[in-house]
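Visitor: need a structure here:
(chains A, B and C)
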Amino acid sequence: MLPANTTLRTLALAVLRSYSLIFFSQHRGFAALLLLLSFANPGAGVAGLAATVLAVGAGWLMGFNREVLATGGYGFNALLVGLALGTFYEPGWAYGLVLLVGALFALLLTVALGGWLGPRGLPPLSLPFLGVIWLLTPAAEQFHALALNERGIYWLNEMYAVGGAPLLHVIHWLNGWHLPLMPDTYLRALSSVFFQDSPLVGLLMAAGLLWHSRIAFSLSIVAFLGAYAFGMATGAYAEGINHYNLGANYIMAAVAVGGVFVVPSAASYLWALLSVPITAVLVAGLTTLLARLGLPAFALPFCLTSQLFLYVLLLRQRADWLPLTPIQRYSPERNLYAYTNDRERLQSQLYVHLSLPFLGEWQVTQGYAGQPTHQGEWAQALDFMIRDADGRTYRGPGANLADYYCYNKPVLACADGVVVEVVAHLDDNPVGQVNTQQNWGNTVVLEHQPGLFSKVSHLRPHSTTLQPGDRVRRGDLLGTCGNSGRSAEPHLHFQVQATPYIGSRTLAYPLAYYLSG
Amino acid sequence: MLPANTTLRTLALAVLRSYSLIFFSQHRGFAALLLLLSFANPGAGVAGLAATVLAVGAGWLMGFNREVLATGGYGFNALLVGLALGTFYEPGWAYGLVLLVGALFALLLTVALGGWLGPRGLPPLSLPFLGVIWLLTPAAEQFHALALNERGIYWLNEMYAVGGAPLLHVIHWLNGWHLPLMPDTYLRALSSVFFQDSPLVGLLMAAGLLWHSRIAFSLSIVAFLGAYAFGMATGAYAEGINHYNLGANYIMAAVAVGGVFVVPSAASYLWALLSVPITAVLVAGLTTLLARLGLPAFALPFCLTSQLFLYVLLLRQRADWLPLTPIQRYSPERNLYAYTNDRERLQSQLYVHLSLPFLGEWQVTQGYAGQPTHQGEWAQALDFMIRDADGRTYRGPGANLADYYCYNKPVLACADGVVVEVVAHLDDNPVGQVNTQQNWGNTVVLEHQPGLFSKVSHLRPHSTTLQPGDRVRRGDLLGTCGNSGRSAEPHLHFQVQATPYIGSRTLAYPLAYYLSG
Amino acid sequence: MLPANTTLRTLALAVLRSYSLIFFSQHRGFAALLLLLSFANPGAGVAGLAATVLAVGAGWLMGFNREVLATGGYGFNALLVGLALGTFYEPGWAYGLVLLVGALFALLLTVALGGWLGPRGLPPLSLPFLGVIWLLTPAAEQFHALALNERGIYWLNEMYAVGGAPLLHVIHWLNGWHLPLMPDTYLRALSSVFFQDSPLVGLLMAAGLLWHSRIAFSLSIVAFLGAYAFGMATGAYAEGINHYNLGANYIMAAVAVGGVFVVPSAASYLWALLSVPITAVLVAGLTTLLARLGLPAFALPFCLTSQLFLYVLLLRQRADWLPLTPIQRYSPERNLYAYTNDRERLQSQLYVHLSLPFLGEWQVTQGYAGQPTHQGEWAQALDFMIRDADGRTYRGPGANLADYYCYNKPVLACADGVVVEVVAHLDDNPVGQVNTQQNWGNTVVLEHQPGLFSKVSHLRPHSTTLQPGDRVRRGDLLGTCGNSGRSAEPHLHFQVQATPYIGSRTLAYPLAYYLSG
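Guide: Coordinates of the predicted model:
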């Protein structure tokens, strides 16, 4: 239970990151720039921000995954819904109601799609936005209190309203450049991510993308050129590329396929280039098919190409090239650095060697699907108890905590690290009762290296005297085994995770190698 | 293998429950009322009953899940298919053939969708009906021997044919009430569940719903008013609600979301109310989109809203409110009572403490996916054997049953309870052979408290002398370990389940806590 | 790493088998005949072969499942895409590019769908082809460099171009037979699998099907007659069956449902016959619905019926009849023979009794989802290590291989058998490092009976002196435990599989029964 101002800060960051996460980034400067650019269409900007705040707040209150929330994962689909509604419809009371419903709908679809695709290693991308907008726009035909927006295209008027003559001056100066057709098309394609059609906004977005990552930016150029070549070869752009719509699909798919899901390399640029003709077939095919249902394709080709190109890599029997990003750091450069560093500098440190967090012989009690804990994202956690020769975990009737063999036994650091989180004040439950309000009970989280954390839970109250920031060595005492949190009888819960949060999703791979040791 | 009359009774009950299960109920009176009301359109009533009988019978013969079958789970989609076909088409030979195919198709789709959604915690609802009817109606355009029914709307004529002048008199008297627009619309929406458009049938259905559950009924009213308000706000009902179609979607979704999937509470009513605008967007959006394919939306909005609102609750990291129904008792009131009772009266009895069903040290042999047993709904079962220091389960060559350490060892009651089922007459198999006709072999099922049963299987023939109704205490002898049923070498199968049937789906949560003890 | 000529031979066979796999066959003669018949439309034949070669080659390079590849599983959807494109479009550069993209797209969709459906026991069938062609044909409307083929129907001209007057003479002689309507329709339906409309090609395909399997052929006749009867009864063929399109759907579905997925029997013929009206509803319904999107149904009804009829059998609680094919031998006759043989000749040999592949007490370290190994198709593998009383697997610091208790310990044959594969030359890795190029490290594969193989991996280099062909008895020394391959510390990997390949998918069922012994 964090203090309120920390919570507010987390939520505010989650809102901000929803903007950059559209480009797979957590770069705050890029995010702030995108937030600003969304107000190039002020109505859309307001609606987008309102929808994002709503979705992030509701996601927090409903108890959905806080780690996903913190990265902006619950906000960016609502953001897109808000931008789209703000672009297409006139403000009004009915509009406000539909915006509210659309934002919540986007949140629910994000959670549901994430729950369905997540265990398969796939992200929902902007499919939740597509689901909402494909329902909302045909539904709006029956919502007579909603009026279509006629202003959307009068972009310069909007600009004038926002920045007055000086801003218009800048715009005219920029437009005075007379951008050649290809860069003009590229920049307008970028701006279409926010439902705009402005080379200027596109230019600023491109600058932000470059600020965030040179790899991502260069992939966007590669994809654009590849799409142009494929279009020329197939005669899709016989009349020139000024009808080149939906270009953002190529750009986004190439960034995802070549720079985010895999460790960047020459092979990953080729892989991204290979994605271009597939995206092109999806763009051409889906726009034709969906038009027969009266729907625009939006970002669907990007989503499908990205998921397909990620999924087949996950299904390889041998991965001789194109290694997948082991821990997502939301930056192609940082993913590449972490990977290269791990591999080259010290092979044996690729996985920190973790020891068991106790002395003597304990036994694993794995969670079963259906039990309240140890499922979904917590599937890789381990529970430990001590058993006697008869397989019993307690002496006597087992009615008291002290009857349990593991109760009050030492719990140790599984490797060197720094304490990042401590909860120590929760009471032990009586045997057979559980505390469903504070699932994890008394808990210590250690950071062993960037992206590698371990957590021990259900400790005895005040059995730990550690503070965040303390350094521990492998085998140091962290506390003693207790029965706090969602624990009906004393046991030790141990898990390895990629982030410092209590309640993070668990990591499996280091356990499989080393807990046997 | 039950005697024939028991089988017939089970099947007849399964047919009856198919009617009430449409409203998530197992209330026999409500079911009988609904069966009766389906005959308000006699042709539809006959077709619905025939399709239900066919699907239930075929489901039994094909060996599909008997517990699902007993609740009406395999019948109600076929029932809806029958009602729809009986409403839309003229009787005839081709019609009879299509009805037969449609009922079987509904059964197969129910099984398949149940198998796909079930492990994710989601019910198929009426999606199988939708799949069948969306294929059958366009297919029927090519089946020239099928004729569309012109009578469907002449409801009064049907009534006259059934009940003559007296019935018409009652109807006219009721119609003489001149129901105000809103209750009239509500009742007609209810009757549309059976493809009818009759305030009278709706009134009787509403009465039945109230009979079944005040909570469900009140949720239906809340949903109706909410939908009306949302429709007014968005201008969907600008010309009044007399065009208010598909109203049953709001009602059914609210009952499911607020009264069936979660324990009823003030929060669950709010949750149900929140489902209304989402259902409204789905109703408006899907009717528009599906019309472009020439299809009606029917109950699709209800299905999607209900599954979405259930699924996101399953995916929460923290469940501070809206607890999910732990064991479905098919009545909001009974679900609430069981939950409140468990929590308030005796916290420590929330889970009965189960002991291991044997003495000494046995080892768990968990089933693997792909093995004939222990998968899907039996995933939480445990097999136990005794191993020596070398990890072997038998002495000597292991060719005889007596070579196995666990053979003929005592099997004990894991807690106090009442014997509800005994099978003791099946022979042990020779080592290496299995009896695939009587999977469970000799078996004893105990009831420990309502909704909590345990089962031991593969016992030695005639090793138990217990009879149904006998009381046992924790540790009492139930029988001895044998090799009957689908068992290739002596072992003890133990599982906890929510219903008394041999072959019930297993419960996981009590095992995970207590079998470690 | 096989020598190049072996690799080429494997790839060539994979291309050939892609043809027969369309009919669930691995019969080389049938495959060669089909390859030949695909050239009855020479343009389509060339395109089909090119697409198949491309997909098989790319599948190999990308590291997708080699066992699936070897059966033609990655080639046949690309083959269908090639045949369709070659039939519909004129040759040219843009055409060549689209063919290339289509073949790769088919490969990626095959891998992705296989990865998604495979764990549910379902094959992707020709759904990947449908996905590609349903996108490519509407996309091609925008690819102005692509021209529709006008020649497709001038089949005789094609024949003349290929075989000159003599071939035409044969054709005219055959056509002179004046085939009655029903066989004519049956044969044309068969030829439509290759997008042709020729009784002659159909006759040769029928002959090939009969050559491959009398059961499959007879099922095709049963399905055809059943479809005809159902069409007559429903009035679908009121004007005669000469408009009888999409007939191959009935034939293919019946072969799959009654002869491939289940062990052939009288019941399986009935099951196949039951599939006919469901396929008929799908054919009629889907052609109508998809026409509203401008798409043809192609083989979609066949795919959906086959998957539905297989899936519900997998979900049965009791399987009193219609036993599923335990190991697919790609021939109804061989499946039947293997099943009957196993059951009747020696019941106790249905499962070979497997012993543990070591002496003393080792402990299982199961893989976790998310770890690089032991997932998907290798989920049923087991890793073994030796632990001391403290649960540690090594003495001292664990930095040297010799510190590990299991290192260099004997690894034994789990049953009598013949050595079929030996790898012995790979070095052990230092502790903490893995060899990701040769996953399995030093390995011995034994064949115990047809379709039952066991494999031990990560052996010490040169610890085995066995050669393929050597006979071993249960308990014979195979080698010693090492740290070669993808192994970070010494452990023994053991799995049971249905095929001799290193990297085969694992079998679960025999383990569950016998590894406990």
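Visitor: counting contacts, what elements does the helix or strand that residue A:186 is a member of pack onto?
Guide: Taking DSSP states H and E as the definition, residue A:186 sits inside helix A:181-191. With contacts taken as 3 or more CB pairs under 8 Å, 6 or more residues apart in numbering or on different chains; DSSP states H and E, helix A:181-191 sits against helix A:199-212, helix A:214-234, helix A:248-255. Glycine gets a C-beta too; all of them are placed from N, C-alpha and C.
Visitor: Dump those helices to a markdown table, plus mean pLDDT, mean neighbour count and distance to chain C.
Guide: Shown next, in a markdown table, are the helices and strands packed on helix A:181-191 (pLDDT from 0 to 100; neighbours: other CB atoms under 10 Å in any protein chain shown; distance: least, CB to the nearest CB, whole Å):
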| stretch | mean pLDDT | mean neighbour count | distance to chain C |
| --- | --- | --- | --- |
| helix A:199-212 | 94 | 21 | 24 |
| helix A:214-234 | 94 | 21 | 4 |
| helix A:248-255 | 94 | 30 | 13 |
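Visitor: With distance to residue A:138 as extra columns, can I get those helices in a markdown table?
Guide: Output for the helices and strands packed on helix A:181-191, formatted as a markdown table (distance: least, CB to CB, whole Å):
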| stretch | distance to residue A:138 |
| --- | --- |
| helix A:199-212 | 28 |
| helix A:214-234 | 29 |
| helix A:248-255 | 22 |
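Visitor: Out of these, the one nearest chain B is which?
Guide: helix A:248-255 (22.0 Å; CB to the nearest CB).
Visitor: At the contact with chain C, which residues of the stretch 51-200 of chain A appear?
Guide: Counting by CB under 8 Å from any CB of the partner chain, the stretch 51-200 of chain A comes close to chain C at A:119-120.
Visitor: Which stretches in the stretch 51-200 of chain A count as helices?
Guide: A:66-70, A:76-88, A:93-117, A:127-140, A:155-175, A:181-191, A:199-212 (DSSP state H, counting those that start in this stretch).
Visitor: Most tightly packed of the ones you listed?
Guide: helix A:76-88 (a mean of 28; mean count of other CB atoms under 10 Å in any protein chain shown).
Visitor: do it and chain B meet at all?
Guide: No. Using CB under 8 Å from any CB, helix A:76-88 stays clear of chain B, with a minimum separation of 11.4 Å.
Visitor: name the helices or strands packed onto that helix?
Guide: So helix A:76-88, by 3+ CB pairs under 8 Å, 6+ apart, packs with helix A:4-21, helix A:42-61, helix A:93-117, helix A:127-140.
Visitor: ok so, going back, mean pLDDT lowest for which of the helices of the stretch 51-200 of chain A?
Guide: Note on the helices of the stretch 51-200 of chain A: lowest mean pLDDT is at helix A:155-175, with a mean of 67.
Visitor: residue boundaries of the helices in the stretch 201-350 of chain A?
Guide: Using DSSP H, counting those that start in this stretch, helices in the stretch 201-350 of chain A cover A:214-234, A:248-255, A:266-291, A:300-314, A:332-344.
Visitor: just the angle between the longest one and helix C:42-62, please?
Guide: Following axes from the mean of the first three to the mean of the last three CA atoms, to 10 degrees, one obtains 130 degrees for the angle between helix A:266-291 and helix C:42-62.
Visitor: can you check the first one too?
Guide: For helix A:214-234 against helix C:42-62, the angle by the same axes, to 10 degrees is 170 degrees.
Visitor: so which of the helices of the stretch 201-350 of chain A comes closest to residue B:324?
Guide: Residue B:324 lies closest to helix A:300-314 among the helices of the stretch 201-350 of chain A, at 29.6 Å (CB to CB).
Visitor: ok so, going back, just put the helices of the stretch 201-350 of chain A in JSON lines and tack on distance to residue C:271.
Guide: Output for those, formatted as JSON lines (distance: least, CB to CB, whole Å):
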{"stretch": "helix A:214-234", "distance to residue C:271": "46"}
{"stretch": "helix A:248-255", "distance to residue C:271": "44"}
{"stretch": "helix A:266-291", "distance to residue C:271": "35"}
{"stretch": "helix A:300-314", "distance to residue C:271": "33"}
{"stretch": "helix A:332-344", "distance to residue C:271": "51"}
